[in-house]
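Participant: Pasting the sequence and the predicted model now:
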Amino acid sequence: MNKLTIKACPLCGGTHLERALTCVDHYASGEMFHLCRCRDCGFLFTQDFPVEAEIGRYYETPDYISHTDTRKGAMNSVYHWVRNYMLGHKARLVLREAHRKKGRLLDLGTGTGYFADAMQRRGWQVEAVEKSAQARAFAKERFHLDVKPPTALENFAPGSFDVITLWHVMEHLEPLNETWESLHSLLTERGVLIVAVPNYSSFDAKKYGAYWAAYDVPRHLWHFTPGTIQQFGSKHGFIMAERHPMPFDAFYVSMLTEKHMGRSCTFLRGMVTGTLAWFSALVKKERSSSMIYVFRKKSLFPDPSPIERGADTSGTGGGCIRKGGDTLEMGERNN
């Protein structure tokens with residue numbers, strides 16, 4: 001199998017890389033993968049992961065529910081219940097941040113299409129893109145969505161979308177910097193980019209260490225904190241306008257982690273850790289298991305320096321235009 005070895009940090013270009021953790025793929029292969037950290041900027045990534053052309057087999061398992069619709073088992077049931085609960089929250093977030101009731105939306109990594117369908121039913125013009133042929137087929141059969149493969153991104157004109165969403169997708173995309181550049185080009189000047197990703201500086205990540213299920217090697221290539229994703233946005237012409245905690249993620253991730261660790265009473269143990277993580281995120285939202293980040297183009301702000309003046313780029317912070325807004329409580333993996 002061909003694997004990609006990262007020799008320079010995708011964020012800062014630094015070459016001072018160190019091994020941070022060794023994690024196991026509990027879904028598909030049982031293989032071990034190393035996580036490396038850049039000593040210059042703190043960015044964490046999976047090292048020696050399968051190249052894009054060959055990583056598909058690591059998704060081809062019934063247990064990987066992001067691309068299926070199975071409800072078998074307690075954890076899958078919890079996942080689907082929260083997903084349905086969150087669809088309305090996500091839709092309201094889009095409307096609030098876009099300052100419009102209808103518009104053009106791109107859902108990148110749409111998975112089985114639940115969010116794309118929810119926005120289409122609200123009157124939005126939706127384009128949905130998904131790598132998995134199985135997930136595309138499901139979305140077409142269930143929602144009659146014309147979900148396109150990733151190659152379709154090349155056919156969209158610059159400034160095509162008012163909103164672009166990536167719900168737990170950015171961490172899967174091999175061409176990371178190229179993706180950020182493409183997103184910037186595809187947005188209108190007043191467009192909004194909404195990105196949800198796991199947060200490895202969270203309470204539950206620190207509790208479980210290498211066992212934390214949201215490391216999800218080798219499917220998750222990149223591992224973000226509020227600080228490092230703010231730096232990626234800034235690098236590619238964005239300002240972080242909002243950030244919202246997703247504390248419900250901790251319940252599902254903790255239950256899954258307990259299962260991977262082979263412990264008994266996984267549901268109960270996961271609920272206990274999820275509750276502790278919830279309270280931790282209430283005290284400091286940057287400890288949330290996952291975060292939603294709202295980005296806008298820097299060109300909207302003639303002098304961005306006052307906005308970014310309070311930015312914390314240490315790896316756990318992240319500058320914002322404003323810190324208000326409703327708390328969103330959980331996302332889904334890939335809808």
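Facilitator: That came through, no problem. Numbers count the residues shown, from 1 in each chain.
Participant: From residue 135, how far off is residue 150?
Facilitator: The gap separating residue 150 from residue 135 is 12 Å, by Cβ to Cβ, to the nearest Å. Yep, even glycine has a C-beta here, placed from its N, CA and C like the rest.
Participant: same thing with residue 111?
Facilitator: Noted for residue 111: a distance of 5 Å to residue 135, by Cβ to Cβ.
Participant: Give me the more crowded residue out of those two.
Facilitator: Between residue 111 and residue 135, residue 111 has the larger neighbour count (other Cβ atoms under 10 Å), namely 30 against 24.
Participant: quick one: that one and residue 131 touch, right?
Facilitator: No: Residue 111 sits out of contact with residue 131 when judged by Cβ atoms under 8 Å, with a separation of 9.7 Å.
Participant: For the lengthiest strand in the chain, which residues meet the burial criterion?
Facilitator: Determined from DSSP state E, the single longest strand within the chain is strand 187-198. Of all the residues in strand 187-198, those buried under the rule 16 or more other Cβ atoms under 10 Å are 187, 191, 192, 193, 194, 195, 196, 197, 198.
Participant: now those residues as a markdown table including distance to residue 267 and pLDDT?
Facilitator: Shown next, in a markdown table, are the buried residues of strand 187-198 (distance: Cβ to Cβ, whole Å; pLDDT from 0 to 100):
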| residue | distance to residue 267 | pLDDT |
| --- | --- | --- |
| 187 | 41 | 98 |
| 191 | 41 | 97 |
| 192 | 37 | 98 |
| 193 | 36 | 98 |
| 194 | 31 | 98 |
| 195 | 30 | 98 |
| 196 | 24 | 98 |
| 197 | 25 | 98 |
| 198 | 21 | 98 |
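Participant: Out of those residues, which is nearest to residue 239?
Facilitator: Nearest to residue 239, judged by Cβ to Cβ, of the buried residues of strand 187-198 is residue 193 at 10.3 Å.
Participant: What separation is there between the residue lying closest to that closest one once chain neighbours are set aside and residue 240?
Facilitator: Nearest residue to residue 193, sequence neighbours excluded (Cβ to Cβ, 6 or more residues apart in numbering): residue 295, at 4.1 Å. Between residue 295 and residue 240 the computed distance is 6 Å (Cβ to Cβ).
Participant: The two: which is more packed in?
Facilitator: Comparing residue 295 with residue 240 by other Cβ under 10 Å, the one with more neighbours is residue 295, at 29 against 25.
Participant: what's the spacing between that one and residue 101?
Facilitator: Residue 295 sits 21 Å away from residue 101, going by Cβ to Cβ.
Participant: returning to that earlier point: for the residue nearest to residue 193, give me its contacts.
Facilitator: 192, 193, 194, 195, 233, 238, 239, 240, 241 (Cβ atoms under 8 Å, 6 or more residues apart in numbering).
Participant: got the CA positions of stretch 135-146 in PDB?
Facilitator: C-alpha atoms of stretch 135-146 as PDB (Å, rounded to 0.1, in the frame of the first residue of the first chain):
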ATOM      1  CA  ALA A 135     -23.400   7.400   0.300                       C
ATOM      2  CA  ARG A 136     -24.200   9.200  -3.000                       C
ATOM      3  CA  ALA A 137     -26.400   6.300  -4.000                       C
ATOM      4  CA  PHE A 138     -28.200   6.400  -0.600                       C
ATOM      5  CA  ALA A 139     -28.800  10.200  -0.900                       C
ATOM      6  CA  LYS A 140     -30.200   9.800  -4.400                       C
ATOM      7  CA  GLU A 141     -32.600   7.000  -3.400                       C
ATOM      8  CA  ARG A 142     -33.700   8.500   0.000                       C
ATOM      9  CA  PHE A 143     -33.800  12.200  -0.900                       C
ATOM     10  CA  HIS A 144     -33.600  12.300  -4.700                       C
ATOM     11  CA  LEU A 145     -30.500  14.400  -4.400                       C
ATOM     12  CA  ASP A 146     -28.100  14.700  -7.300                       C
END
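Participant: mind checking how far it is from the chain centre?
Facilitator: 22 Å (Cα atoms, centre = their mean, to the nearest Å).
Participant: And the strands in the chain?
Facilitator: 3-4, 17-24, 32-38, 44-46, 49-50, 104-108, 125-129, 161-167, 187-198, 222-223, 238-245, 290-297.
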